[in-house]
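In: this is the structure alone, sequence omitted:
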């Protein structure tokens with residue numbers, strides 16, 4: 001289970017009222033965030049929220065751009081949430097690049113950056129946890145990272161409560177997290193539309209992640225077996241294969257090409273419930289988690305999606321050599 005909040009180091013956050021650039025302000029108080037959203041809605045404006053843990057990259061940029069295209073006002077939250085990290089995980093060394101994050105937000109015309117401290121999110125006496133039950137939180141990532149999804153559900157519930165957005169934007173790479181959040185929003189009648197955006201990939205096929213910063217050149221080279229495995233499964237699906245065991249086998253063959261890659265799981269699941277399936281359809285997901293030299297990576301794809309396994313903006317198929 002995650003270690004107590006009080007045992008965690010606290011990362012200093014910027015003072016209230018500091019600016020990230022023209023049109024973007026940094027706030028740290030949830031009441032101020034709520035007032036800003038209420039003011040926007042009073043003016044008949046829609047609000048989009050992009051929740052992040054910072055170390056913003058091209059994947060986050062794509063979420064912000066989608067929000068900017070669909071909403072009148074866009075807020076980005078930056079908070080490395082201690083309650084979703086377990087003992088021995090990378091909370092302390094998780095990439096933090098707040099100044100660069102503010103620059104990116106200014107470049108993308110973000111209206112507001114919400115950057116609360118740990119003490120603000122989890123003050124003394126905080127005693128509430130949000131727990132979603134069932135396969136969506138108890139299998140795969142839920143099994144390998146006990147307590148992780150409880151931390152995710154709690155922080156997302158707090159962010160949505162404070163921001164009251166019309167829409168919130170998440171990346172498809174974290175598909176199980178997205179399924180959890182859809183369930184949370186539905187069950188608690190939160191009224192926010194959850195928008196899941198396609199995974200953004202580097203030209204070599206690797207899904208963009210803040211944790212990619214940990215990878216040495218050799219680790220990255222071997223990690224490419226993950227998108228190649230997914231591409232192999234997608235290619236078989238396009239040829240008409242639907243048997244889950246067979247599709248997983250195609251992916252596993254590619255993963256075996258990297259001798260130092262330790263696979264936690266390869267699974268074929270229903271995209272909403274994350275229950276295992278024996279035969280895939282266009283609403284199913286193939287998902288992989290693996291570790292390379294101490295860095296844990298996750299990736300996944302809906303084989304029936306029209307875009308297939310897109311890589312960056314170029315549509316490169318990483319199944320090749």
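Out: Structure received. Not measured: the values here are computed from a predicted model.
In: please enumerate the strands of the stretch 1-150 of the chain.
Out: Ranges of strands within the stretch 1-150 of the chain are 19-21, 24-27, 47-52, 73-78, 112-114, based on DSSP state E, counting those that start in this stretch.
In: and the residue nearest the centre of the chain, what does it touch?
Out: The residue lying closest to the centre of the chain (CA atoms, centre = their mean) is residue 174, at 4.5 Å. Residues in contact with residue 174 (CB atoms under 8 Å, 6 or more residues apart in numbering) are residue 298. Backbone N, C-alpha and C define where each C-beta goes, glycine included.
In: what does it show for phi and psi?
Out: phi -90, psi 60 (degrees, to the nearest 10).
In: same thing with residue 228?
Out: phi -70, psi -40.
In: surely it meets residue 254?
Out: Yes: Residue 228 lies in contact with residue 254 (CB atoms under 8 Å); the separation is 4.4 Å.
In: neighbour count winner among the two?
Out: The residue with more neighbours, out of residue 228 and residue 254 and counting by other CB atoms under 10 Å, is residue 228; that gives 25 against 22.
In: could you pull out the helices for the stretch 51-200 of the chain?
Out: Counting by DSSP state H, counting those that start in this stretch, the stretch 51-200 of the chain has helices at residues 58-70, 98-107, 118-121, 135-138, 141-144, 148-163, 175-187.
In: and those as a markdown table, adding mean pLDDT and distance to residue 78?
Out: Below are the helices of the stretch 51-200 of the chain laid out as a markdown table (pLDDT from 0 to 100; distance: least, CB to CB, whole Å):
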| stretch | mean pLDDT | distance to residue 78 |
| --- | --- | --- |
| helix 58-70 | 98 | 10 |
| helix 98-107 | 96 | 6 |
| helix 118-121 | 98 | 12 |
| helix 135-138 | 96 | 25 |
| helix 141-144 | 97 | 22 |
| helix 148-163 | 98 | 11 |
| helix 175-187 | 98 | 17 |
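In: tabulate those (TSV), appending distance to residue 285.
Out: Converted to TSV, the helices of the stretch 51-200 of the chain look like this (distance: least, CB to CB, whole Å):
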stretch	distance to residue 285
helix 58-70	18
helix 98-107	29
helix 118-121	30
helix 135-138	12
helix 141-144	12
helix 148-163	16
helix 175-187	5
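In: and the pLDDT at the residue nearest to the centre of the chain?
Out: On pLDDT, residue 174 comes in at 96.
In: measure it to residue 210 for me?
Out: Distance, residue 174 to residue 210, using CB to CB, to the nearest Å: 12 Å.
In: contact partners for residue 78?
Out: Residue 78 touches 52-54, 56, 98, 101, 113-115, counting by CB under 8 Å, 6+ apart.
In: show me where pLDDT drops low in the stretch 1-150 of the chain?
Out: 1-23 (pLDDT under 70).
In: residues near the closest residue to residue 213 other than its chain neighbours, how many?
Out: Closest residue to residue 213 apart from its sequence neighbours, by CB to CB, 6 or more residues apart in numbering: residue 95 at 5.2 Å. When neighbours are defined as other CB under 10 Å, residue 95 has 18 of them.
In: cool, residue 246 as well?
Out: 14.
In: which residues does it contact?
Out: For residue 246, the contacting residues are residue 236, by CB under 8 Å, 6+ apart.
In: in what helix or strand does it lie?
Out: Secondary-structure element containing residue 246, defined by DSSP states H and E: helix 244-255.
In: now do the buried residues in that helix.
Out: Of all the residues in helix 244-255, those buried under the rule 16 or more other CB atoms under 10 Å are 244, 247-248, 250-252, 254-255.
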